[in-house]
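1. Need coordinates for the below:
(chains A and B)
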Amino acid sequence: ETGVTQTPRHLVMGMTNKKSLKCEQHLGHNAMYWYKQSAKKPLELMFVYNFKEQTENNSVPSRFSPECPNSSHLFLHLHTLQPEDSALYLCASSQGLVGAFFGQGTRLTVV
Amino acid sequence: EDQVTQSPEALRLQEGESSSLNCSYTVSGLRGLFWYRQDPGKGPEFLFTLYSAGEEKEKERLKATLTKKESFLHITAPKPEDSATYLCAVQGNYGGSQGNLIFGKGTKLSVKP
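-> Sure thing, here's the model as predicted:
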């Protein structure tokens, strides 16, 4: 139990589908993040939220749309994805400079 | 450009055979260096934070050290359960966000009994 919970753990979707990834943190942190992890590549930061405000959008395509309704919940809305978007999507949270804590990830496959 | 390079990419050890993993970094003012462990199909598990050169942290068979250009993760007498990918990340003095971690590609460690 890491304190950061992601659902679903696995997702297969067609290129015309719309789906959402959910993340919830139980650590009382004020910052939340979405990362993408592809095979043989470093983790890529996608979005950052501090106190529910988006402070970073790392040139992510508009087919990925984040939502942070409160400091404990984070969503990633997906639509018209491409096969190259298949990856492990990781949510993380942090409070100060003590290191980000990650969820278990959602393994996304786009067919 | 800020970057993190980890070596080797893969490391195979016999149980009990001590070794070290390397993380070289270039960053515009280091705020912190982080080590994570990642098991297949799971999210990274936080291990250590190092803030300044000369600092050391220990946890069981793992010891992390930091210089101005690199960090080492020393593994003493490893066991098969230490097999995982070890990730290094740095955070520099840029932007206002707390989480702009730049990650290396990781070192995949395999420990054989």
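2. List the buried residues for stretch A:5-22?
-> For stretch A:5-22, the neighbour count (16 or more other C-beta atoms under 10 Å in any protein chain shown) marks A:Q6, A:L11, A:M13, A:K19, A:L21, A:K22 as buried. C-beta here means a position set from N, CA and C on the backbone, and glycine is covered the same way.
3. hmm, who's touching the helix or strand harbouring the first one?
-> Just to be clear, that refers to A:Q6. In this assignment (DSSP states H and E), A:Q6 forms part of strand A:4-7. For strand A:4-7, the surrounding residues in contact (C-beta atoms under 8 Å, 6 or more residues apart in numbering or on different chains) are A:21-27, A:89-93, A:101-106, B:43.
4. What of stretch A:52-60?
-> A:44-49, A:66, A:68-71, B:95-97, B:100.
5. Max pairwise distance over the residues you listed: which two?
-> A:E44 and A:N70 (25.2 Å; C-beta to C-beta).
6. Which of these two has more residues huddled nearby?
-> It is A:E44, of A:E44 and A:N70, that has more neighbours when counted by other C-beta atoms under 10 Å in any protein chain shown, with 17 against 10.
7. residues touching that one, list them.
-> Applying C-beta under 8 Å, 6+ apart, we find A:E44 in contact with A:Y35, A:K36, A:Q37, A:S38, A:N58.
8. what stretches of chain A score poorly on pLDDT?
-> Residues of chain A meeting the criterion pLDDT under 70: A:1-2, A:97-98.
9. Quick check: residues of it near chain B?
-> Taking C-beta under 8 Å from any C-beta of the partner chain as the contact definition, chain A meets chain B at A:2, A:4, A:6, A:31, A:33, A:40-43, A:45, A:48, A:50, A:55-56, A:88, A:90, A:92, A:94-105, A:107.
10. ok so, going back, show me which of the contacts of stretch A:52-60 is closest to B:E17.
-> Closest to B:E17, out of all of the contacts of stretch A:52-60 and judged by C-beta to C-beta, is A:E44, at 33.4 Å.
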